[in-house]
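Need a 3D model of the following:
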Amino acid sequence: MTDWASSNGDVINSRHAADEVAISTQTVPRLRPDHVLVSDGSNWSTPVVVGETFFFTDDAGSLTCADRQSGKVLWSRKIAEYNGIENSNARTSVVVTDDLVIVGDRAGANLIAAKRTT
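This next block holds a predicted model:
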C-alpha cells in the first residue's frame, strides 16, 4: 500500500490510487471493517496515510495519529494544546511531510505544524 499524504492523494486532487489492485468493482461487496476507531467527535476530514500510521482530525478538537494495521491510537492531542485557544477544532484534513503534520484550525485561521511523533 502506498502513502496517501494529503486529503486528495496528490497535488492535483485526483483521489486516484494507481497502484491499488485489491479493491475493484468485483471485490467491493466483500469489504468489511478490519478495525474500528472511535474518535472524540464527528470526523469531517479524509484520513491521511503515511508509512505505518494514519492521521485525522475531529470536531471535538483532536488531532490523532493511529497505527495503520491495528487502528490503535499512538497519540492524540487537542488543537488547543497547539494554538492556546480553548475549544479549538479542525474540520480539515492534515498534510504530512517527512517530519510534520500540518493542519489549519477553525479558531482564527491558524496553521499548526506538529511533529509526526508528537
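
where exactly do the helices run in the chain?
79-83 (DSSP state H).

Count the residues that sit near the closest residue in space to residue 106 that isn't next to it in sequence.
Among residues not flanking residue 106 along the chain, residue 89 sits closest, at 5.6 Å (C-beta to C-beta, 6 or more residues apart in numbering). For every residue, glycine as well, the C-beta is placed using N, CA and C. By other C-beta atoms under 10 Å, the residues close to residue 89 number 23.

contacting residues for residue 89?
Counting by C-beta atoms under 8 Å, 6 or more residues apart in numbering, residue 89 makes contact with 41, 57-61, 79, 105-107.

how about a cut-off of 6 Å?
59, 61, 79, 106 (C-beta atoms under 6 Å, 6 or more residues apart in numbering).

Looking at those residues, which are in strands?
With DSSP state E as the criterion, strands contain none of the contacts of residue 89.

Where does confidence bottom out across those residues?
The lowest pLDDT within the contacts of residue 89 belongs to residue 106, with 85.

got a winner among the contacts of residue 89 for most neighbours?
residue 79 (26 neighbours).

partners of residue 115 in the sheet?
residue 100 (DSSP bridges).

what's around it, how many residues?
Counted with other C-beta under 10 Å, residue 115 comes out at 9.

Now stretch 40-52: buried residues?
43, 45-50 (16 or more other C-beta atoms under 10 Å).

In this structure, where is pLDDT below threshold?
1-2, 5 (pLDDT under 70).

Quick check: the two most widely separated of the contacts of residue 89?
59 and 79 (10.4 Å; C-beta to C-beta).

Quick one: end-to-end distance for stretch 49-56.
Terminal residues of stretch 49-56 lie 9 Å apart, using C-alpha to C-alpha, to the nearest Å.

Now do the strands in the chain.
Under DSSP E, the chain gives strands at 48-50, 53-57, 62-67, 73-78, 95-96, 100-104, 111-115.

Go through these and name the closest to residue 17.
Per C-beta to C-beta, nearest to residue 17 of those: strand 48-50, 10.4 Å.

Could you single out the most deeply buried of the strands of the chain?
Highest mean neighbour count of these: strand 53-57, a mean of 23 (counted as mean count of other C-beta atoms under 10 Å).

Fine by me, we can end here.
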